[in-house]
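Novice: here is the input, now give the coordinates:
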Amino acid sequence: MAKKIMKYMGFLIVLALGLLVYVGWASDIPHDKLAEKYAGGASDFIDLPSGARAHYRLQGNDQGPRLLLLHGSNASLHIWEGWVNALEEDYFIATVDLPGHGLTGATPADNYLYDGMVAFLKEFTTEIGFESFALGGNSMGGAVTLKYALTHPEQLTGIILVDAAGIDVPASAAHKVDFPVAFQLAGRWYTDWILENITPRSFIEEGLNKSVTNKAIVTPEAIDLYWELVRHPGNRRATGLRFAWYREGRSALPIEKITLPTLIIWGEDDKLIPVEVAHEMHKRIDGSQMQLFKDMGHIPMEEYPLETSAAAKAFLRQLN
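Specialist: From the prediction side, this is the model:
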């Protein structure tokens, strides 16, 4: 009897795995097909000295001060379009898909950690002629902003941190963290192959819902944008490499060394990086400004672009 039960259980497990593969299998989408759909308007591509080919947009007033904006993990330059629309009259704005993201995809350096992204950005800003600029970033892009500020402060007029990564969540706020399923699985040797091939659309929907308070922005089109771009060749492998580094114990950045003008913007309902991190950053970066937004989550610049961009605009005016 026990053997029969084990046999049936084994059969059910195999059946469940087969069903998961059947329902969730999501192959890479060729670059050209994705570019045809998502590289419209101001989009362009530039070949960098390292061999990377960056997808970027330059928009706004080319006579105005320069501003470069960086997206977060598994996102793309598209998340900043609300801010671009609000700021383009006064500022010349660059947005770019970071290595292992969007239409930039994998890079020859194969380095998707903070230092690799800083090296990529140094090349990128040189090639597009951004000699002096303000730099802003959300989540992972916020951590890259901090790393860039520590590495190349001479280029920057100021930084904007939007629900930024880069330091540890205080122990008192750890219970607030509620990562999406995909983030919990990424970076583990026994799940990375699965995530590189089986990425259900439901993972993206769940992740977006956990990231925002304004559920109205979680549209089928928004889900498809994230879901399809994460399947650009090389992007899911890059995510696995990056999250493996996170799990190995990445070091918190020494943000107290930053002396640049700094604006910290945060959604008070952020479930991925709780608002306590904003307070810690504000305390450790001397002279920083902080603006918190009620009823906003991890990507407030997408949830309410007008309100959050107004805070950025006021800060940028001070710099100029």
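
Novice: C-alpha only now, for contacts and for neighbours.
Specialist: Noted.

Novice: okay, which residue is most central for this protein?
Specialist: Here the mean C-alpha position of the chain is nearest to the C-alpha of Gly72 (CA atoms, centre = their mean), at a distance of 0.9 Å.

Novice: OK, contacts around that one?
Specialist: Taking CA atoms under 8 Å, 6 or more residues apart in numbering, we find Gly72 in contact with 137-142.

Novice: my guess is Arg201 contacts Glu228. True?
Specialist: No - if you go by CA atoms under 8 Å, Arg201 and Glu228 don't touch, sitting 9.0 Å apart.

Novice: rewinding a little: so which of the contacts of Gly72 wins on neighbours?
Specialist: Asn138 (29 neighbours; other CA atoms under 10 Å).

Novice: tally of neighbours for Pro233?
Specialist: Neighbour count of Pro233, defined by other CA under 10 Å: 22.

Novice: you'd agree it is up against Ile29?
Specialist: Yes - at 6.7 Å, Pro233 counts as touching Ile29 under the criterion of CA under 8 Å.

Novice: could you identify the helix or strand that succeeds the worst-scoring helix or strand of the chain on mean pLDDT?
Specialist: Here the helix or strand of the chain ranked lowest by mean pLDDT, DSSP states H and E is helix 2-24, holding a mean of 43. Next in sequence after helix 2-24, counting helices and strands by DSSP states H and E, comes helix 31-38.

Novice: tell me the buried residues in that next one?
Specialist: Buried residues in helix 31-38, counted by 16 or more other CA atoms under 10 Å: 31, 34-35, 38.

Novice: helices of the stretch 1-150 of the chain, start to end?
Specialist: Secondary structure of the stretch 1-150 of the chain, counting by DSSP state H, counting those that start in this stretch: helices at 2-24, 31-38, 81-87, 114-128, 140-151.

Novice: can you check the stretch 201-320 of the chain too?
Specialist: In the stretch 201-320 of the chain, the segments counted as helices under DSSP H, counting those that start in this stretch are 201-211, 220-229, 235-247, 275-284, 300-303, 305-319.
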